[in-house]
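S.K.: give me coordinates for this.
(chains A and B)
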Amino acid sequence: MSLLAPLFLLGLAAIALPLWLHRLQTQSSDRKPFSSAMLLETAKQQVHVRRKLKYIALLCLRVLLLALVALAFAKPFLEREPDVVTSTDAGTHIVLVDTSASMQTAGVFEQAKAEARRAISDAPADALLQVVAADRALRVASELGTDKSAHVAAIAALQASDLRLDYGEAMTAVERLSAGLPQPVTLHFVSDFQASGMPSRFADLIPAGVSQMLPHVTGTGEPVNWSFEYVRSTADGMDAGLRAYGDRERVADVALIANDSVIDTQSLSGTGPHNLQFAAPVYAEGENRITLRITADDDLAVDNRWFHVIDNEPPMAIPIVTTDVAGLPMIYLSAALESSGEYKVEPVVADDFDVRILGRYRWLVVDDIGAVGPALENALVAYLENGGNLLAFAGDRAAGLDRLPVSAHRLDAASPGLQDGDFLTVSQLDSRHPVLTQTEGWQSVTISRSLSLQAGADDQVLMRLSNNEPFLLERRVGKGRLMLLPASLDNRWNDLPVRPVFVSFIIEAGRYLSGLSQIEKTYTAGASLPLGAASGTSGQVIDPDGNNVLSLADTTRDQQIKLDKPGFYEVYTSQGQTVVAVNVDPRESDPLKVSQETLDRWQAATAGQTPSGTLTYRAEQTETVALWHWVLLILGLVVIAESVLGNMHLTARRMERA
Amino acid sequence: MPLSPSQQTARDLLRPEVLAGMKNLDLVARSVVEGVLIGLHRSPRFGFSQEFAEYRAYNEGDDPRFIDWNVFARTEKTYIKRFLGDTNSHLMVLLDASASMNFGGPPLTKLRYAQFLGASLAFLAARQHDAVGCMVFDDEVRDYRQPSSRSGKLQGVLHCLDGATASTGTSYAKPFEKFRETVTRRGLVAVISDFYSDIESLLAGVRPLAWHGQDVVLFQVLDEAELDPSFDTNVLLEDMETGQAVEVAPQFMREQYPQRIREHVEALSKAAAGIGADHVLVNTSDSLDKALRNYLLFRQRRK
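M.R.: Model prediction:
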């Protein structure tokens, strides 16, 4: 027997308590002086022994009770060696059931279950069987064995999901599963065999180790299905692409629902693709939950809704501290920042800047750090210490100083860019940094002048020039960050402002320094949400049903959240709250099946493989049998026995007193 | 006949809880004896008064304080004036100060009660001009005062009794043997003890005294908690002399133990009668006059 949490056995120390109390009790706490014991001889032994026997039984029960409590918390389990399964002539039969979203088509999944049961019953009596479900990943529904009833029960418990199945990935997983299984391995693949589930390479459909693939095609009728192909927001409103599958003409109503209110409804009829335009509703400030809903008489309901999130946050005000509000640096910075639509630039002359309003901004830009006077320098340092962020450039004012304000870098007198005709380029770049993920284009930037400064111990050099001088520095100042590019943006020192990489650099730097969420707003069911990467720390996610996805312990670690359900997920991070929309993969909506010819080829290609498996099979993992529930059962019995015996003891004492 | 207020006050003083508040043994003895005497109403039955009885010729050794000088003036012969109640005897108080005597109370332990009783006896005897002595013993003789009728000797006896403290176990043979060696005259011997010992070993100590002509009275002092113990639960009782611990059940203490103590008392009483001694059971919850009355009755019988 082993224990999952052996530290709980420290609770056995609590046994000392009843032992001590028992010792006190048997020693009798009522010890009284008496004049003489000469007349007290005869009665003492009988009483003492009888009571002591009662106490010993009671003590044993109490000790056992405490020991069982400690044992139950320690989670005992037995490790059972797996049964060795010997192969037979019939080999192994894997029943693979497609549980993807398309299997929710009316009647299809029940038909698939019936097919799976038939495959089980038709298998030879001595064949080893295993039921496996497949959508985004392969799930073993029943352990390998010959007991058909267990496999039938496993089939009954299967449910279709909202995820997509790729046949190529499924066959790769089957290949791994069948490795080491007793040969020959026969694969019964029960699916609707959507053409959209086929991989790009036919070879991916051939799992090694499988001697025979028997397709069990379900949903042979011609279903009618309406679904969305895409939804996007435009300047005028919402653009939705729909498709009607099936050869019968049907009518559908499409409703636009914004934040649980139906805004507009349009009707469609016919087959094939359709395009709908909805006028832009009046969005609420912040994130708006947009749902497009198809109301039609079709066979697959899971793809009749499309979820979308419109972010209607007002642009964030960003002050740019400058010496010339009409200068080129100001123009380039404003154009780059406002191109994303996330920021609204507020030009401020350095000498006129009211430092009292610094606390309003998450970050700000200084186009020439040399223009920062002593008062503003002190305010900026305090701002950084308290968690503010600053993106600073160096211009002509900085070039005339020995020491840069705020960053306190010493400048070398001989700057490399002062020599005419001598150009520098970016030679080293830390592409792991979020600001520099867009690495293309930096090498083409030509630099004719840059301030030569020595990086301090606190500086992280993100970019170096070809002469090894730092070109982009980052430094933690208190709770905030300072990012310094020691060059001007006036198009005379370098051509960075006119390079496309400048726009992406400025936008990414803004996102990085402002800490804005980079979580995508729309996902396909089955995708993963990188929670840690989005905010630096983990958070909590609430699924469309309102359940917490993460446990309390998981909320402190980086997570990859599996988005398995269509709908809106609420994501809470240290940076704030956001909503992401999850939709069923549109490829699951297409009822077009794989042609019979392709199926025949697939079957034939699999049948051509030579069995090369083992004669015996042993599961890799030992089977663990949890014992805690048995411990709890015994614990309950001991509690009852202790209560009965304790009550008898109390009764005896009451009678003695009476 | 109902008691007068002054008599009632004197009787109230005999109650143990009242006596427990008195630290002065002399005062206690005086209060007890006065209370008892008031209750006696100068009864001739007990012959206890200061009334003149007779004259007799002075013999050498008689206390010269009792010579009637008026008669001497008239007759030039010395006569001793005798009163009713005078016995010209002596009283020895033998006080058991073993550890078991420390049991009892509140308000009084058996030892303290026994000290009151012994002091009262001594005071009463001294009042009758009897010589009074005492011996405090446990398994050895702890203190001893020769009997004397001198007035100052009473204080010595009371001091001897007052200084008794409970200490070790009890043995009657050795102390009583030493007592026999020192006593020369016949008289009264009052043994005050709880007599928790084998009857035979007790008699082995007391019997020689009776054979030597001593009038022995055994005052068996027991606490109410010994005569009628009451425990609600099992209890571990520890012998105060031997340290032996015995766990007893309340049922036993309620039913069997009182029977055993009664049998023990009766056996002691019979054994005392067998050797011509008297036995008085004294309950420390009773007032002291009861014991003194028993003493006086015993003394009357001996006349």
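
S.K.: CA only for contacts and neighbour counts going forward, please
M.R.: Fine.

S.K.: and chain B, which residues reach chain A?
M.R.: B:99-103, B:196-197, B:226, B:231-241, B:244-252, B:257, B:260-261 (Cα under 8 Å from any Cα of the partner chain).

S.K.: from the residues you listed, list just the buried residues.
M.R.: B:99-103, B:196, B:226, B:231, B:233-241, B:245-252, B:257, B:261 (16 or more other Cα atoms under 10 Å in any protein chain shown).

S.K.: filter the residues you listed down to the ones in strands?
M.R.: The strands, defined by DSSP state E, take in B:Val235, B:Leu236, B:Leu237, B:Glu238, B:Asp239, B:Ala245, B:Val246, B:Glu247, B:Val248 from these.

S.K.: which parts of chain B are helices?
M.R.: Taking DSSP state H as the test, the helices found in chain B are B:5-12, B:16-19, B:25-40, B:69-75, B:110-127, B:151-162, B:173-182, B:199-211, B:224-227, B:250-274, B:288-302.

S.K.: please apply the same query to the stretch 351-500 of chain A.
M.R.: A:374-385, A:396-399, A:500-514 (DSSP state H, counting those that start in this stretch).

S.K.: would you reformat the ones you listed as CSV and include mean neighbour count and distance to chain B?
M.R.: Output for these, formatted as CSV (neighbours: other Cα atoms under 10 Å in any protein chain shown; distance: least, Cα to the nearest Cα, whole Å):
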stretch, mean neighbour count, distance to chain B
helix A:374-385, 17, 74
helix A:396-399, 19, 96
helix A:500-514, 19, 77
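
S.K.: now the ones you listed in JSON lines, with mean pLDDT and distance to A:Gly241?
M.R.: Shown next, in JSON lines, are those (pLDDT from 0 to 100; distance: least, Cα to Cα, whole Å):
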{"stretch": "helix A:374-385", "mean pLDDT": "91", "distance to A:Gly241": "48"}
{"stretch": "helix A:396-399", "mean pLDDT": "86", "distance to A:Gly241": "54"}
{"stretch": "helix A:500-514", "mean pLDDT": "87", "distance to A:Gly241": "30"}
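
S.K.: so which bits of stretch A:467-486 are buried?
M.R.: Residues A:469-477, A:480-486 are the ones in stretch A:467-486 that count as buried (16+ other Cα under 10 Å).

S.K.: could you report the neighbour count for the closest residue to A:Ile15 other than its chain neighbours?
M.R.: Distances taken as Cα to Cα, 6 or more residues apart in numbering or on different chains place A:Val63 nearest to A:Ile15, at 5.5 Å, with adjacent residues excluded. A:Val63 has 19 neighbouring residues, counting by other Cα atoms under 10 Å in any protein chain shown.

S.K.: can you tell which of the helices of chain B is closest to A:Ala258?
M.R.: Of all the helices of chain B, the one in closest proximity to A:Ala258, counting by Cα to Cα, is helix B:250-274 (84.0 Å).

S.K.: quick check: pLDDT value at the closest residue to A:Gly341 other than its chain neighbours.
M.R.: Using Cα to Cα, 6+ apart and skipping residues adjacent in sequence, the residue nearest A:Gly341 is A:Pro315, 6.4 Å away. With respect to pLDDT, A:Pro315 has a value of 81.

S.K.: what residue ranges in the stretch 151-300 of chain B score low on pLDDT?
M.R.: B:151, B:298-300 (pLDDT under 70).

S.K.: compute the distance between B:Met135 and chain A, please.
M.R.: For B:Met135, the distance to chain A equals 22 Å [Cα to the nearest Cα, to the nearest Å].

S.K.: that residue: what's it in contact with?
M.R.: By Cα atoms under 8 Å, 6 or more residues apart in numbering or on different chains, the contact list for B:Met135 reads B:Met92, B:Val93, B:Leu94, B:Leu95, B:Val141, B:Arg142, B:Asp143, B:Tyr144, B:Arg145, B:Cys160.

S.K.: if we go to 7 Å?
M.R.: B:Val93, B:Leu94, B:Leu95, B:Asp143, B:Tyr144, B:Arg145 (Cα atoms under 7 Å, 6 or more residues apart in numbering or on different chains).

S.K.: which among those gets closest to B:Leu297?
M.R.: When the contacts of B:Met135 are compared against B:Leu297 (criterion: Cα to Cα), the nearest one is B:Val93, at 17.0 Å.

S.K.: please tell me how far that closest one sits from B:Ala190.
M.R.: Distance of B:Val93 to B:Ala190, given as Cα to Cα, to the nearest Å: 5 Å.

S.K.: write down the beta-bridge partners of the residue nearest to A:Gly539 when sequence neighbours are not counted, one by one.
M.R.: Nearest residue to A:Gly539 in three dimensions, chain neighbours excluded: A:Thr573, at 4.4 Å (Cα to Cα, 6+ apart). Legend: beta-bridge partners of A:Thr573 under DSSP bridges are A:Gly576.

S.K.: A:Thr573 reaches A:Val541, doesn't it?
M.R.: No. A:Thr573 is beyond contact range of A:Val541, at 8.7 Å (criterion: Cα atoms under 7 Å).

S.K.: who's more crowded, the two?
M.R.: Higher neighbour count among A:Thr573 and A:Val541: A:Val541, with 24 against 20, using other Cα under 10 Å.

S.K.: name the SS class of the more buried one, please.
M.R.: strand (DSSP: H, G, I helix; E, B strand; the rest coil).

S.K.: I'd say B:Asp223 and B:Leu108 touch.
M.R.: No. With contact defined as Cα under 7 Å, B:Asp223 does not count as touching B:Leu108 (9.0 Å).

S.K.: looking at those two, which is more packed in?
M.R.: Shown here are B:Asp223 and B:Leu108; by other Cα under 10 Å, B:Asp223 has more neighbours (24 against 21).
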